[in-house]
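Student: I'll drop the sequence and a predicted model, then ask my questions.
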Amino acid sequence: MRILITGATGLVGQNIVKHCHKSDIAVNYLTTSKDKIEKNQDYQGFYWNPEKDEIDTNCLKNVSAIINLAGASVAKPWTKSYKKEILNSRIDSLKVLKRSLSENNHHVEHLISASAVGLYEDSLTKLHEEDNYEKGDNFLAEVVEKWENAADEFEDLGLEVSKIRIGVVLSEKDGALEKMKSPIEKYIGAPLGSGKQWQSWIHIDDLSELFLHILELRMEGVFNAVAPNPINNEELTEAIAKELNKPLILPNVPKFVLKLMLGEMAVIVLGSQLVSSKKIQSSGFDFKFSQIQPALKDLL
């Protein structure tokens, strides 16, 4: 089997590539950097520039499915121009892929596109399921809705479409865990805001296996990519401190301070999404890390 991955050089993409190779799945990948192009039998790079509508269509050769992870990071200051980049980087990527598929002979039957739990309404009590949820009223929710709509358009080409709403990804390399771990190690860690906001998290290895589960079973539709046991921000902060064997000595960082520091972007750390993993579990997917402490022990 050979698949095409966009965003393969990012945090999640690199991990999915590793899991693909363990499962004897060859990978073609698209990159905007010509320096990152490799030409191994099992890992072949191709250049693209979605912003300029450029793509090397050789990337589609012998490919039966596409995993789409492309999109600018949301963890950078949300200036007006960067907000535009967050949205356009996601939509443009899918537009270029769709045009390439419509204009070239190919064997692609399945698109698996990343999405995010940021679609869901901020709530301390509402449990969000894939087909039973309230949409958030903020920039992130808007981006996710447009992102998913762009993925749905691939059905017009006869492809099966899957959308993976990803929660807080915990990884040893970078990302959310690194940002939480660093202040705790320096004795300045503390829960954020009330600390009661839900963090629907997932271990990066479970996330990669979840993508491959959907790929191998050719599952269509929307799936939440979150571990079965979400915890709140205070519990997560305490769990990280416990694993690092560091005390938490400071009071919670007040909401207004976070809003002053981060502006509109504060929604990333203050937003609360309690998200269900029942649908993916009922398909036979087993989480290796369903509880936070074993996940942190593995990563830290």
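Tutor: Cool, got the structure.
Student: L248 touches A241, doesn't it?
Tutor: Yes. Look at L248 against A241 with C-beta atoms under 8 Å: they come within range, at 5.0 Å. Just so you know, the C-beta spots here come from the backbone N, C-alpha and C atoms, and that holds for glycine as well.
Student: okay, and the common contacts of these two?
Tutor: 184, 189 (C-beta atoms under 8 Å, 6 or more residues apart in numbering).
Student: and the gap between V96 and F46?
Tutor: Taking C-beta to C-beta, to the nearest Å as the measure, V96 and F46 are separated by 12 Å.
Student: List the residues that contact the spatially most central residue of the chain.
Tutor: The centroid of the chain falls nearest to I166 when counting by C-alpha atoms, centre = their mean (4.5 Å). Going by C-beta under 8 Å, 6+ apart, I166 touches 12, 114-117, 202, 207, 225-226.
Student: So what touches stretch 35-42?
Tutor: Stretch 35-42 has contacts (C-beta under 8 Å, 6+ apart) with 9, 21, 26-27, 31, 44-47.
Student: Quick one: the helices in the stretch 151-300 of the chain, in order.
Tutor: 176-185, 204-216, 233-244, 255-262, 267-270, 278-282, 292-299 (DSSP state H, counting those that start in this stretch).
Student: Pull the distance from the first one to the chain's centre.
Tutor: Helix 176-185 has its average C-alpha position 19 Å from the chain's average C-alpha position, going by C-alpha atoms, centre = their mean, to the nearest Å.
Student: tell me the angle it makes with helix 292-299.
Tutor: 90 degrees (axes from the mean of the first three to the mean of the last three C-alpha atoms, to 10 degrees).
Student: for helix 176-185, what is the average pLDDT?
Tutor: Averaging pLDDT along helix 176-185 gives 96.
Student: and what of the fourth one?
Tutor: Per-residue confidence for helix 255-262 averages out to 96 on the pLDDT scale.
Student: Output the contacting helices and strands for that helix.
Tutor: Helix 255-262 is packed against helix 267-270, with contacts defined by 3 or more C-beta pairs under 8 Å, 6 or more residues apart in numbering; DSSP states H and E.
Student: Give me the residues contacting the helix it packs on.
Tutor: Contacts to helix 267-270, defined as C-beta under 8 Å, 6+ apart, come from residues 74-75, 122, 138-140, 192-193, 197, 233, 255, 258-259, 262.
Student: Would you confirm that Y82 belongs to a helix?
Tutor: Yes. Y82 sits within a helix when classified using DSSP: H, G, I helix; E, B strand; the rest coil.
Student: Just give the closest residue to it, not the sequence neighbours.
Tutor: Nearest in space to Y82, with sequence neighbours left out and distances taken as C-beta to C-beta, 6 or more residues apart in numbering, is K76 at 6.1 Å.
Student: Give me the pLDDT for that neighbour.
Tutor: Reported pLDDT for K76: 94.
Student: doesn't K83 make contact with it?
Tutor: No. Counting by C-beta under 8 Å, K76 does not reach K83; the two are 10.2 Å apart.
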